[in-house]
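Q: Just the structure for this:
(4 chains)
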2 protein chains.
Amino acid sequence: MNKNLRTLTGLDRVIHEPARLMLVMILATVESADFLFLQRETGLTKGNLSAHLTKLESAGYVKIEKMFKGKYPLTLCKLTPAGIKALDGYRHQLDKALKSRGRG
Amino acid sequence: MNKNLRTLTGLDRVIHEPARLMLVMILATVESADFLFLQRETGLTKGNLSAHLTKLESAGYVKIEKMFKGKYPLTLCKLTPAGIKALDGYRHQLDKALKSRGRG
DNA sequence: GCAGACCAGTTTTCACTACAAACCATAATA
DNA sequence: TATTATGGTTTGTAGTGAAAACTGGTCTGC
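A: Next comes the predicted model:
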């Protein structure tokens, strides 16, 4: 069953990065989240969070909407259908690979 | 249960790299493997495989023994107890994180 | 009314890393 | 003697993640 292991090479790197995996896992449960909420939840620095969100957006996995809450900017993030699908695929792929034979 | 997600930040990067995850998964099942066997199984290039093995060795996760099979060099790789433990920990950690809430 | 602190992010910088290509030493082959 | 194959290692390079520095706007004290 090394087929399962071989698929690891093709793992979605966008999702595979722990920080981003965290983000999509969170976004998968909340319908929508703002920047500071995500920062608190993940513990990432702002710069880091910003960069990861941009990357997720470029991949089409999250949609980012900028608005104003009162006078302050507000960045709202939401998982797209593509993002949901990507996360699902990633989970299944990894799950299969990690389950294949429990050592010897 | 975001505690599970937060732990993702601390994932062992040595194991997390797909190519190396493949390697340790294979090594976890075979007691010992030579360079070319690993190359065939993983599909990695020689250079790549060499580099990843060196990294795994530096981490103390695999033991590499060089010998001669007849007149040709032979590189034998074997998962160390530390490597087994690391893989186990990685699997559990990731499993927990990926299982926490299945969306919505 | 303006200097400085604060808010919500973005851009820049930098060290590291994975990958592939080039290389190396030896051995069989023509 | 070249040439090719074996079993790898070293080198070059583009890409990446993390933190620091920066930006544009707002509020506060004086």
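Q: From here on, just use CA atoms for contacts and neighbour counts.
A: Will do.
Q: Now do the helices in chain A.
A: A:2-6, A:13-16, A:18-30, A:35-42, A:46-58, A:81-99 (DSSP state H).
Q: For residue B:83, which of those helices is the nearest?
A: Nearest to residue B:83, of all these, is helix A:81-99, at 15.1 Å by CA to CA.
Q: Can you name the residue of chain A nearest DNA strand D?
A: residue A:47 (3.5 Å; CA to the nearest atom of the strand).
Q: Distance check, that residue against DNA strand C.
A: Distance, residue A:47 to DNA strand C, using CA to the nearest atom of the strand, to the nearest Å: 3 Å.
Q: and that residue, how many residues sit next to it?
A: 9 (other CA atoms under 10 Å in any protein chain shown).
Q: What residues does the closest residue to residue A:16 other than its chain neighbours make contact with?
A: Once flanking residues are discounted, residue A:16 sits nearest to residue A:90: 7.9 Å by CA to CA, 6 or more residues apart in numbering or on different chains. Each residue near residue A:90 by CA atoms under 8 Å, 6 or more residues apart in numbering or on different chains is listed here: A:11-12, A:15-16.
Q: Then residue A:5?
A: A:97, B:22, B:25, B:42.
Q: ok, now with 10 Å
A: Contacts for residue A:5 (CA atoms under 10 Å, 6 or more residues apart in numbering or on different chains) come out as A:93-94, A:96-100, B:18-19, B:21-23, B:25-26, B:41-42.
Q: What separation is there between residue A:27 and residue A:3?
A: According to CA to CA, to the nearest Å, residue A:27 stands 31 Å off from residue A:3.
Q: Which of the two has more residues huddled nearby?
A: residue A:27 (22 against 11).
Q: so the more buried one sits right up against residue A:78, yeah?
A: Yes. Using CA atoms under 10 Å, residue A:27 is in contact with residue A:78, at 6.4 Å.
Q: need the residues of chain A near DNA strand D, please.
A: Selection of chain A residues close to DNA strand D by CA under 7 Å from any atom of the strand yields A:14, A:17, A:19, A:44-48, A:51-52, A:71-72.
Q: can you do 6 Å?
A: Near DNA strand D, the residues belonging to chain A are A:17, A:19, A:45, A:47-48, A:71-72 when assessed by CA under 6 Å from any atom of the strand.
Q: Identify the farthest-apart pair in those.
A: The distance between the two most remote of the residues of chain A next to DNA strand D (CA to CA) is 33.9 Å, for A:17 and A:71.
Q: Between the two, which has more neighbouring residues?
A: Neighbour totals were compared for residue A:17 and residue A:71, and residue A:17 leads with 18 against 7 (other CA under 10 Å).
Q: Let me see the contact set for the more buried one.
A: Per CA under 10 Å, 6+ apart, neighbours of residue A:17: A:23, A:52, B:8-9, B:11, B:13, B:16-17.
Q: Now render those as TSV, adding pLDDT.
A: TSV is the format used below for the contacts of residue A:17 (pLDDT from 0 to 100):
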residue	pLDDT
A:23	98
A:52	98
B:8	95
B:9	93
B:11	95
B:13	97
B:16	98
B:17	98
